[in-house]
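>>> Provided below are the primary sequence and the corresponding predicted coordinates.
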Amino acid sequence: MDNNNISYVFGIDIALDSFTTRLVSNEREPKSISKNSETFSNNNKGLSKMLTWIDKQNIDKSKTLFVMEATNTYWESCALYLNNHSLHVCVVNPAKIKYFTESKLTRSKNDNIDAFVTTCYGTVNNPKLWNLPAPLLDELRELSRRLSDLEKNVLQEKNRLGALDKKPIQHNNIIDDINEHISFLESR
């Protein structure tokens, strides 16, 4: 995306139940438009309130870059909501934000600072716009995550068995239950 067409960057620090935001001008040295961060509920009502709050800032949303980390799956509803409103959305790998933060020698960490750092990342690094994945691709990604989770569960149960095997007193009912659970997981 050409950052020359972007006048503002809106950083979003996403969590399970809420998200914290920060709005700055897109300049070499970003200037905060809002004196403080704003926090909203991570649901449709909170997303709607966020857009209402942005409207009150008297900025052109079509010239605003919305930047967030790909935190777990918490970011997906927000990115989709903004995308459905035809806004410029960037979803960034959390490691990139982490290394950017370290490069700026930022030691403090809270939602307000994280939102500001995410905003600054957007002004400096010209991140790529996020594209809504095709439903089939999204399902494939979720299936891959699920398979990985199941494989981790099997490994955990096998480790549990190994630990029980080392005990001087055997608990056959627990060993049998774990073996049944492993069989069940492996059959999936």
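In hand now; what should we look at? Worth saying up front: this structure is predicted, and the values here are computed from it rather than measured.

>>> give me the most central residue, the chain.
Central residue of the chain (CA atoms, centre = their mean): residue 71, 2.0 Å from the mean position.

>>> sec struct for it, please.
coil (DSSP: H, G, I helix; E, B strand; the rest coil).

>>> who's in contact with it?
14, 15, 94 (CB atoms under 8 Å, 6 or more residues apart in numbering). Using the backbone N, CA and C atoms, a C-beta is placed for each residue, glycine as well.

>>> who's the first one bridged to?
When you say that, I think you mean residue 14. Taking DSSP bridges, one finds residue 19 as the beta-bridge partners of residue 14.

>>> what about it, neighbour count?
Using other CB atoms under 10 Å, residue 14 has 26 other residues around it.

>>> ok, now how distant is it from residue 121?
Residue 14 is 14 Å from residue 121, where distance means CB to CB, to the nearest Å.

>>> ok, then the element right after the strand or helix carrying residue 140?
Element membership of residue 140 [criterion: DSSP states H and E] is helix 135-165. Using DSSP H and E, the helix or strand that follows helix 135-165 towards the C-terminus is helix 172-187.

>>> tilt between that next one and helix 135-165?
Interaxial angle, helix 172-187 versus helix 135-165 (axes from the mean of the first three to the mean of the last three CA atoms, to 10 degrees): 160 degrees.

>>> give the helix, strand or coil label for residue 40.
Three-state assignment for residue 40 (three-state DSSP): strand.

>>> list the contacts of it.
Neighbouring residues of residue 40 by CB under 8 Å, 6+ apart: 18, 19, 21, 46, 47, 49, 50, 53.

>>> mind running it again at 7 Å?
With contact set as CB atoms under 7 Å, 6 or more residues apart in numbering, residue 40 has these partners: 18, 19, 46, 49, 50.

>>> how close does it sit to residue 80?
Residue 40 is 16 Å from residue 80, where distance means CB to CB.

>>> and if you look at residue 16?
Distance from residue 16 to residue 80, by CB to CB: 17 Å.

>>> for residue 72, same thing?
Taking CB to CB as the measure, residue 72 falls 15 Å from residue 80.

>>> who has more neighbours out of the two?
Just comparing residue 72 and residue 80: by other CB under 10 Å the higher neighbour count belongs to residue 80, 14 against 11.

>>> out of everything not next to it in sequence, what's closest to that one?
With sequence-adjacent residues excluded and distances taken as CB to CB, 6 or more residues apart in numbering, residue 80 is closest to residue 132, at 6.9 Å.

>>> my guess is residue 160 contacts residue 178, does it?
Yes: here residue 160 reaches residue 178: they are 5.7 Å apart, a contact under CB atoms under 7 Å.

>>> residue contacts, residue 70?
91, 92, 93, 94.

>>> what do you get if the cut-off is 6 Å, keeping everything else the same?
Contact analysis of residue 70 by CB atoms under 6 Å, 6 or more residues apart in numbering lists residue 91.
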